[in-house]
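**Student:** when you get a sec, could you give me coordinates for this:
(one chain, ligands or ions: 4)
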Amino acid sequence: VKDSGRAGFRFHQPRKDVDLLARMRLDHAMRQALLERRFRLHFQPQLDLASGQVIGAEALIRWRDPVRGEVPPGEFIPVAEESGFIVAIGDWVLHEAVTQAQAWARQGRRLPVAVNVSALQFQQAQFVDRVRQVLQTAGLPPALLELELTESILLRDADEALRRLQALAELGVCLSIDDFGTGYSSLAYLKRFPIQRLKIDRSFVQGLPDDASDAGIVRAVVQVGRALGLQVIAEGVESEAQRSFLQEAGCHEFQGYLFSAALDAATFEARVWGVERP
Ligand code: C2E
Ligand code: CA
Ligand code: CA
Ligand code: CA
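**Tutor:** Numbers count the residues shown, from 1 in each chain. Ligands and ions are numbered 1, 2, ... in the order given. Presented below is the predicted three-dimensional model:
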């Protein structure tokens, strides 16, 4: 790549190859980061809309690279999904989140922790066994683990997905559909799958309360969720106006900057339980 000044960058290779190289470098750096234990988990509080009580936490991965600085998951997760390394990352996240939930449970703080599951991870033949094994090793009650799945996971091979979901449900973990409304869920699937929770995507919450189509979509999703007996949580809630719209619409729970961004475990504990670590 040659810097040609104000005219912009001129590439000696087609742009795609440059991107490919950048993705390969990032993938390599990720593998190194896992070995060097540079990944961390942060936890974002989830609240009951009516009572304001913290009722759960979503585990979100964080990576600070010595050269690149803080790399957002939106940048490296897609690359890891493409290369397959997401399976290793996802396994680390699962283990780390379950370990933290168990540490809290041991202190009498029984808070469900939600983990994001990628399609490739879910499709691994050993996925259900792995979840069972991680829970058993940690001694965590399965109900304190929630798995966030996306609509694409459920639609790819619906029969196999259904079998896996049933096995996970039998295990006793909680299942939710993340980014709900952005994919192609059909109501028939929702009815078939043993799901407990819908997460309304942030993109629909953003326009609340003024954007008429966002408002309409959010109301409709809440109705669908309630009709199917599911919990409905909204993500990306940043303002009191959004919070009160959601409450009036009948939504049950929310997470978002209005209360807190994702926090490291110690800060989470201080924020949620008012405890300081020695
Ligand atoms: P997501 O699962 O939809 O997670 C919610 C994202 O919204 C998080 O971004 C969170 O920090 C951010 N967020 C929360 N509240 C607000 C808010 O009020 N306003 C705004 N603007 N943003 C808010 P984050 O941590 O950067 O993660 C981005 C995405 O990366 C996640 O979207 C998820 O798809 C993926 N991801 C993060 N951690 C993991 C992980 O451990 N495993 C997998 N497979 N994916 C992950
Ligand atoms: Ca999520
Ligand atoms: Ca989400
Ligand atoms: Ca989202």
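**Student:** quick one, phi psi at residue 57?
**Tutor:** Torsion angles at residue 57 (phi, psi; degrees, to the nearest 10) stand at phi -150, psi 140.
**Student:** if I look at it, how far off is ligand 3?
**Tutor:** 14 Å (CB to the ion, to the nearest Å). The C-beta positions use only the backbone N, C-alpha and C, and glycine is treated the same way.
**Student:** can you verify my assumption that that residue contacts residue 43?
**Tutor:** Yes: the criterion here is CB atoms under 8 Å, and residue 57 meets it with residue 43 at 4.1 Å.
**Student:** any common contacting residues for those two?
**Tutor:** Listed as contacting both residue 57 and residue 43 by CB atoms under 8 Å, 6 or more residues apart in numbering are 113, 268.
**Student:** and residue 29, what element?
**Tutor:** helix 15-35 (DSSP states H and E).
**Student:** then residue 216?
**Tutor:** Residue-wise, residue 216 maps onto helix 212-227 under DSSP H and E.
**Student:** mind listing what's buried in stretch 231-246?
**Tutor:** 231-237, 242-243, 245-246 (16 or more other CB atoms under 10 Å).
**Student:** just those residues now: which is nearest residue 179?
**Tutor:** residue 235 (8.2 Å; CB to CB).
**Student:** confidence score at the closest one?
**Tutor:** The model reports residue 235 with a pLDDT of 97.
**Student:** check contacts around the nearest residue to it once chain neighbours are set aside.
**Tutor:** Closest residue to residue 235 apart from its sequence neighbours, by CB to CB, 6 or more residues apart in numbering: residue 202 at 4.9 Å. Listed by CB under 8 Å, 6+ apart, the contact set of residue 202 reads 235-236, 256.
**Student:** now, which of these lie close to ligand 1?
**Tutor:** Residues of those in contact with ligand 1 (CB under 6 Å from any ligand atom): 235-236, 256.
**Student:** closest one to residue 212 out of those, please.
**Tutor:** Nearest to residue 212 out of the ones next to ligand 1 among the contacts of residue 202 is residue 236 (CB to CB; 18.6 Å).
**Student:** leaving out chain neighbours, which residue sits closest to the closest one?
**Tutor:** Sequence neighbours aside, residue 202 is the residue nearest to residue 236 in space, at 2.8 Å (criterion: CB to CB, 6+ apart).
**Student:** how far away is the one you found from ligand 3?
**Tutor:** Distance of residue 202 to ligand 3, computed by CB to the ion: 7 Å.
**Student:** what's the answer for residue 48, then?
**Tutor:** Counting by CB to the ion, the gap from residue 48 to ligand 3 is 18 Å.
**Student:** and that residue, how far from residue 229?
**Tutor:** Going from residue 48 to residue 229 by CB to CB, to the nearest Å gives 17 Å.
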